[in-house]
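1. quick check, what structure comes out for this input:
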Amino acid sequence: MINKGPKNFETLAFIRGLPNAMFIRGNHEDSVLQAHHRRKTDREFKPHLAWADGLTEDDVNWLSALPFTITLPDLDVLVVHAGVVPGRPLEEQHTADMTTMRNCLVLPENKGYTGTSKNAPDCVPWISTWPGPTHVVFGHDAKRRLQQTTHATGLDTGCVYGGSLSALLLPTRTVVSVPAHAVHCPPVDRE
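-> Numbers count the residues shown, from 1 in each chain. Model prediction:
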């Protein structure tokens, strides 16, 4: 939601004012919160996160209280920022996986998976390993753009990089997209 576009405070105020919307916490919200706390303790922070110094106590509390997942049981849908590791119960998922993973690594002797944000020869996109039946809706993977399988939909279509802003209409699971008006953050290749 925040941290890569040109209007972070305006975006935060806008989304906080939406009465019937739900939001999840991802890696950018975590980075902003960490930067805010570092600034308060005079520790080093990344320059692109300097705006976090202006967060109010209410902003910090709101961001901190965001859930890492939202479950929509009537639709059999789980919403998460980055992903979930197949075979691991939701209550045992790691925060880092839910906020940063893009891939899964098969554990030795086929003993399940572990999540990773890295791209390596022995990794596969986590979406390709998700067996369902719950349909997972996620973002965080702009490089791959729109991803769709029977049991998961990846909606990060790179709006901030000049791509599109995409949404999933429920219960039909129809994807709608609108083109970005500008590039707000040049893409960085992170292998």
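2. report the longest helix in this protein, please.
-> Counting by DSSP state H, the longest helix found in the chain is helix 27-40.
3. buried residues in it?
-> Across helix 27-40, burial judged by 16 or more other Cβ atoms under 10 Å covers 27, 28, 29, 30, 31, 32, 33, 35, 36, 38, 39. To be clear about C-beta, it is placed using only N, CA and C from the backbone, and glycine gets the same treatment.
4. min pLDDT across those, which one?
-> Least confident entry in these, by pLDDT: residue 39, with 69.
5. report the contact partners of the spatially most central residue of the chain.
-> Central residue of the chain (Cα atoms, centre = their mean): residue 81, 2.6 Å from the mean position. For residue 81, the contact set (Cβ atoms under 8 Å, 6 or more residues apart in numbering) comprises 24, 25, 26, 27, 68, 98, 99, 138, 139, 140.
6. any low-confidence regions in this structure?
-> Applying pLDDT under 70 to the chain flags residues 39-45, 189-191.
7. next one: phi and psi at the closest residue to residue 90 other than its chain neighbours?
-> Once flanking residues are discounted, residue 90 sits nearest to residue 69: 6.6 Å by Cβ to Cβ, 6 or more residues apart in numbering. Dihedral pair for residue 69: phi -140, psi 160, per degrees, to the nearest 10.
8. helix/strand/coil for the residue nearest to residue 122 when sequence neighbours are not counted?
-> Using Cβ to Cβ, 6+ apart and skipping residues adjacent in sequence, the residue nearest residue 122 is residue 105, 6.1 Å away. What DSSP: H, G, I helix; E, B strand; the rest coil gives for residue 105 is strand.
9. next one: residue 15
-> helix.
10. renumber starting at 11 from here on
-> New numbering, starting at 11: the last item is residue 25.
11. tell me the contacts of it?
-> 11, 31, 33.
12. quick check: residue 18 touching residue 59?
-> No - using Cβ atoms under 8 Å, residue 18 is not in contact with residue 59, being 9.8 Å away.
13. joint contacts of these two?
-> residue 42.
14. which residue ranges form the helices in the protein?
-> 18-26, 37-50, 67-75, 105-110.
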